[in-house]
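K.L.:
next come a sequence and a model predicted from it.
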Amino acid sequence: MDQLFGFIERITYHNPENGFTVAKLKSPGKSDLVTIVGTFTTVQPGESVRCLGDWKSNPSHGKQFVVATIHTEAPSDLVGIKKYLESGLIRGIGPKFAKRIVDAFGKRTLEILDTQIEKLHSIEGIGKKRIERITTCWAEQKTIREVMLFLSCYEISPAYAGRIYKILGKNCIEKLQENPYSMAEHIPGIGFKKADEIADKMGFPQDASARIDAGILYTLREHANCGNTCIPEENLIQKAEELLRTSKEAIKDRMEQLLDQDRIRKEDARIFSTILYLCEQGIAHEVKRIVEGISPLRAIDTEKAITWAETKLHLKLATEQKKGVSAAISDKFLILTGGPGTGKSTIIRAILQVTHQLTKKIILAAPTGRAAKRMHEITHYPATTIHSLLEYSFKQKGFRRNKENPLDCDLIVIDEASMIDTYLMYHLLKAIPSSARLILVGDIHQLPSVGPGNVLRDMIASHKMPVISLTEIFRQAKGSAIITNAHKINQGEFPYLKHRKKSDFFFLEAESTEDVLQIILDLVTKRLPKTYPFDPIDQIQVLSPMKRGIIGITHLNERLQQKLNATPDPIFIAGNRFGVGDKVMQTRNNYNKEVYNGDIGRIKKINKQNQEVLITFDGKDVIYSFLELNEVVLAYATSIHKYQGSESPCVVIPIHTSHFMMLKRNLLYTGVTRGKKLVILVGTKQAVGMAVSSCECQERETGLLEALSKHNKEKISNFTTQPQFDFELADAQQFSLHSSCVKIPPHQISTNS
């Protein structure tokens with residue numbers, strides 16, 4: 001093997017998920033920079049490195065040094081120290097201050113930062129606040145590097161070091177040594193198997209209680225990741241046995257202990273996490289309370305009110321629409337469901353027109369910001385997200401709006417209710433006063449919530465509240481091929497794919513994934529912006545059924561970013577290349593920043609000196625530290641499930657047999673209904689046929705239907721156990737994207753509660 005020594009001039013590319021790095025090295029005696037490539041722990045510009053490896057010639061990139069092993073050292077010469085400090089590694093030190101500090105302290109610079117950081121006061125422009133920031137960041141970086149070294153012994157990517165430090169704190173190594181299984185519970189991306197490998201190397205025995213507990217809880221969480229709120233006890237024992245490779249008796253014994261500790265609940269031979277059990281029971285209790293509450297609004301003649309609303313709104317309601325308005329005026333709790341073009345928005349407008357004459361205390365909300373914005377545009381009433389409505393408090397570790405501090409409203413209308421998972425529905429319902437009327441609006445044929453539960457479907461199946469099901473497509477909607485084809489797909493019929501010049505729905509046939517990719521790139525970057533008034537970043541959204549593959553989300557994002565926003569000075573964080581102008585998506589709820597899972601924004605500014613990125617979400621600027629960017633991914637392409645609740649003027653969907661695992665009817669239906677003005681499918685007719693004909697989705701296992709039935713027979717006062725838990729912890733569970741198709745009997749319009 002050859003040996004190479006020098007200092008890192010710059011990092012060209014780094015993927016922290018697998019450690020693969022491309023860097024430029026300044027080697028003594030060589031006038032040109034040397035390209036080094038390999039899989040190794042993160043290095044920083046300015047660091048001295050000693051590499052062992054081989055010289056190879058790459059057809060595209062020329063001569064490179066392929067690193068087998070690498071040893072890093074703190075920079076020792078002035079050039080290296082300056083490069084190290086100005087790299088953006090330490091918040092508060094950029095090129096300007098790096099030069100001043102190195103000029104002042106020379107080769108003792110790193111020693112000063114380690115032991116006498118207060119001496120930075122002597123540097124012009126460095127005040128108390130900047131020194132505090134530098135001190136904190138220097139300590140963080142030292143700890144993160146220590147965590148990296150600790151993890152490298154167990155073959156874990158250095159990408160996790162920042163996450164572990166952020167979640168577990170400065171004593172994270174001690175915490176990991178005490179219980180490595182905590183990583184499986186708290187660190188996104190590290191599952192039980194990886195934590196188990198580490199524990200094994202640390203000497204944890206196979207029959208350790210901590211190991212078996214972690215395996216049981218991990219199995220339960222993974223089941224929730226698929227949308228379930230519970231699992232049959234025997235299934236849980238079997239899956240845990242396969243995972244742990246230990247006896248059933250040991251698993252049963254630890255399950256009894258977990259039950260005693262109230263970490264899990266058992267009912268009807270099914271096991272729940274305690275949080276999900278209490279939330280489902282809480283939903284059932286709150287539904288009964290709201291249904292039985294007395295509205296303060298005076299009774300009115302609904303027939304006259306509907307006629308008056310028609311006159312005011314200059315429209316004529318169909319029979320089933322009138323039934324919807326009438327039920328909303330007379331009943332305490334109404335579910336309104338139907339596909340696109342069936343008049344849900346018209347009914348809501350009429351309900352608001354009438355109710356506004358009785359009270360001004362009306363609230364409109366939706367699960368996502370874009371859905372709330374669309375709700376406002378349609379109704380001209382203020383609308384907000386459910387999270388904002390409930391006002392999360394870090395001090396209380398929960399929502400400020402709750403049973404003790406309810407919302408001030410006489411009517412509350414929630415759109416896109418099929419997206420609401422078990423956690424959020426419970427918190428929403430308990431904040432609604434008993435006197436208020438509640439209307440849930442949704443399309444049950446779309447994908448279910450990302451989080452666990454199938455709340456809207458379970459409520460409908462329970463027959464405990466009135467349900468208005470809209471089926472008629474109205475004349476003004478029949479002219480849209482998007483709406484017509486959406487209903488065909490939903491009914492299991494093959495959509496109309498022939499080209500019409502003025503259509504809003506097109507199918508472009510391509511047999512290979514490479515051809516599909518090229519057509520999508522050409523559409524988004526050239527053809528569509530040239531033909532239609534669509535901005536290629538803000539007004540065209542690519543939706544892919546899967547993450548991996550040539551036409552998967554990850555690769556599509558990389559190629560679209562190259563075409564649409566190839567910025568010259570990017571940063572590489574959490575496996576992503578980010579530049580100013582990039583379209584990005586938030587992947588988990590962040591109550592501190594008031595941005596939520598699925599929110600889409602644009603990168604406005606990158607400050608390497610302060611290690612901060614400014615992202616704009618619907619006009620609101622939000623600052624992220626580099627460590628927090630693992631919550632953000634590129635969003636030129638995204639999953640259909642993540643985009644549910646949002647709409648785009650133009651939607652482009654690859655549909656190919658290579659995605660056969662995800663080709664489901666409700667997935668395609670949901671994707672098509674995300675397009676407002678234009679939908680384009682690119683792929684094969686065979687794949688379209690597979691999706692349309694496939695409704696064989698795994699049903700979600702939940703306990704809500706039974707809970708609703710049980711609570712309907714009991715007095716409200718019988719439910720005394722109120723779910724008390726750290727909502728932040730519950731919400732930290734990031735749920736996988738799985739489609740679901742639960743078969744329920746056709747729901748009839750009902751007037752009994």
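P.N.:
Here it is on my side, so go on.

K.L.:
buried stuff in the biggest strand by length in the chain?
P.N.:
When the chain is parsed with DSSP state E, its longest strand is strand 2-15. Buried residues in strand 2-15, defined by neighbour count with 16 or more other C-beta atoms under 10 Å: Leu4, Gly6, Phe7, Ile8, Glu9, Ile11, His14, Asn15. C-beta here means a position set from N, CA and C on the backbone, and glycine is covered the same way.

K.L.:
now do the strands in the stretch 301-450 of the chain.
P.N.:
333-338, 362-366, 383-385, 392-393, 398-399, 411-414, 437-442 (DSSP state E, counting those that start in this stretch).

K.L.:
hmm, who's touching the last one?
P.N.:
Strand 437-442 is contacted by residues 290, 295, 297, 328, 331-337, 344, 348, 351, 410-419, 432, 456, 459 when judged by C-beta atoms under 8 Å, 6 or more residues apart in numbering.

K.L.:
work out the sheet partners of it and label each with its direction, please.
P.N.:
Looking at strand 437-442 with DSSP bridges, its partner strands are strand 333-338 (parallel), strand 411-414 (parallel).

K.L.:
quick one, which of those is nearest to Gly703?
P.N.:
strand 333-338 (19.5 Å; C-beta to C-beta).

K.L.:
follow the chain on from whatever helix or strand Glu132 lives in and name the next helix or strand.
P.N.:
Assigned by DSSP states H and E, Glu132 falls within helix 128-152. Following helix 128-152 in sequence order, the next helix or strand is helix 159-168 (DSSP H and E).

K.L.:
next, the angle from the helix holding Glu132 to helix 159-168.
P.N.:
Helix 128-152 runs at 120 degrees relative to helix 159-168, counting by axes from the mean of the first three to the mean of the last three C-alpha atoms, to 10 degrees.

K.L.:
just the mean pLDDT for helix 128-152, thanks.
P.N.:
The average pLDDT for helix 128-152 rounds to 79.

K.L.:
and the pLDDT at Asp731?
P.N.:
Reported pLDDT for Asp731: 40.

K.L.:
err, Ser87, not the other one
P.N.:
pLDDT, Ser87: 66.

K.L.:
quick one, phi psi at Ser435?
P.N.:
phi -80, psi -20 (degrees, to the nearest 10).

K.L.:
how close does it get to Leu336?
P.N.:
From Ser435 over to Leu336 the distance is 21 Å, taken as C-beta to C-beta, to the nearest Å.

K.L.:
and Pro232, by the same measure?
P.N.:
Going from Pro232 to Leu336 by C-beta to C-beta gives 34 Å.

K.L.:
tell me which helix or strand the residue lying closest to Lys56 once chain neighbours are set aside sits in.
P.N.:
Closest residue to Lys56 apart from its sequence neighbours, by C-beta to C-beta, 6 or more residues apart in numbering: Val66 at 5.2 Å. Per DSSP H and E: Val66 is located in strand 62-73.

K.L.:
partners of that strand, with directions?
P.N.:
strand 34-39 (parallel), strand 48-58 (antiparallel).

K.L.:
what about the residue nearest to Lys56, distance to Gly29?
P.N.:
Distance from Val66 to Gly29, by C-beta to C-beta: 20 Å.

K.L.:
what does Leu278 give?
P.N.:
68 Å.

K.L.:
so which of the two has more stuff around it?
P.N.:
Leu278 (21 against 6; other C-beta atoms under 10 Å).

K.L.:
spell out the secondary structure type for the more buried one.
P.N.:
Using DSSP: H, G, I helix; E, B strand; the rest coil, the structure places Leu278 in helix.

K.L.:
contacts for stretch 609-623, please.
P.N.:
88, 90-95, 97, 133, 137, 369-370, 373, 571, 578, 584, 586, 593-595, 599-607, 624-627, 629, 632.

K.L.:
in strands only, show me these.
P.N.:
Per DSSP E, the contacts of stretch 609-623 map to strands at 571, 578, 584, 586, 600-607, 624-625, 632.

K.L.:
gap between the spatially most central residue of the chain and Gly598?
P.N.:
For the chain, the residue nearest the mean C-alpha position is Thr587 (3.1 Å; C-alpha atoms, centre = their mean). From Thr587 across to Gly598, the span is 8 Å (C-beta to C-beta).

K.L.:
quick one: low-confidence parts of the stretch 151-300 of the chain?
P.N.:
152, 155-159, 162 (pLDDT under 70).

K.L.:
now do the nearest residue to Pro536 once chain neighbours are set aside, the pLDDT please.
P.N.:
Of all residues not flanking Pro536 in the chain, Pro529 sits nearest, at 5.0 Å (C-beta to C-beta, 6+ apart). Pro529 is assigned a pLDDT of 94 by the prediction.

K.L.:
surely Pro529 meets Asp538?
P.N.:
No: look at Pro529 against Asp538 with C-beta atoms under 8 Å: they stay out of range, at 11.0 Å.

K.L.:
ok, the two, which is more surrounded?
P.N.:
Pro529 (17 against 12).

K.L.:
quick one: contacts for the more buried one?
P.N.:
Taking C-beta under 8 Å, 6+ apart, we find Pro529 in contact with Asp535, Pro536, Ile540.

K.L.:
same deal with Arg374?
P.N.:
Ala366, Asp415, Glu647.

K.L.:
phi, psi of the nearest residue to the last one once chain neighbours are set aside?
P.N.:
Which is Glu647. Once flanking residues are discounted, Glu647 sits nearest to Lys676: 5.0 Å by C-beta to C-beta, 6+ apart. Phi and psi for Lys676, reported as degrees, to the nearest 10, are phi -90, psi -40.

K.L.:
pretty sure Lys676 sits against Ile540.
P.N.:
No: if you go by C-beta under 8 Å, Lys676 and Ile540 don't touch, sitting 11.5 Å apart.

K.L.:
so what's the residue count around Glu377?
P.N.:
Neighbour tally, Glu377, other C-beta under 10 Å: 10.

K.L.:
kindly apply the preceding question to Ile606 instead.
P.N.:
So Ile606, with other C-beta under 10 Å, has 21 neighbours.

K.L.:
so the closest residue to it other than its chain neighbours, which of the three states?
P.N.:
Closest residue in space to Ile606, ignoring its immediate chain neighbours: Val613 at 5.3 Å, by C-beta to C-beta, 6+ apart. Using three-state DSSP, the structure places Val613 in strand.

K.L.:
how far away is Val613 from Pro296?
P.N.:
Per C-beta to C-beta, Val613 is found 48 Å from Pro296.

K.L.:
with Ile117 instead?
P.N.:
In terms of C-beta to C-beta, Ile117 sits 63 Å off from Pro296.

K.L.:
between those two, which is the more surrounded one?
P.N.:
Ile117 (15 against 12).
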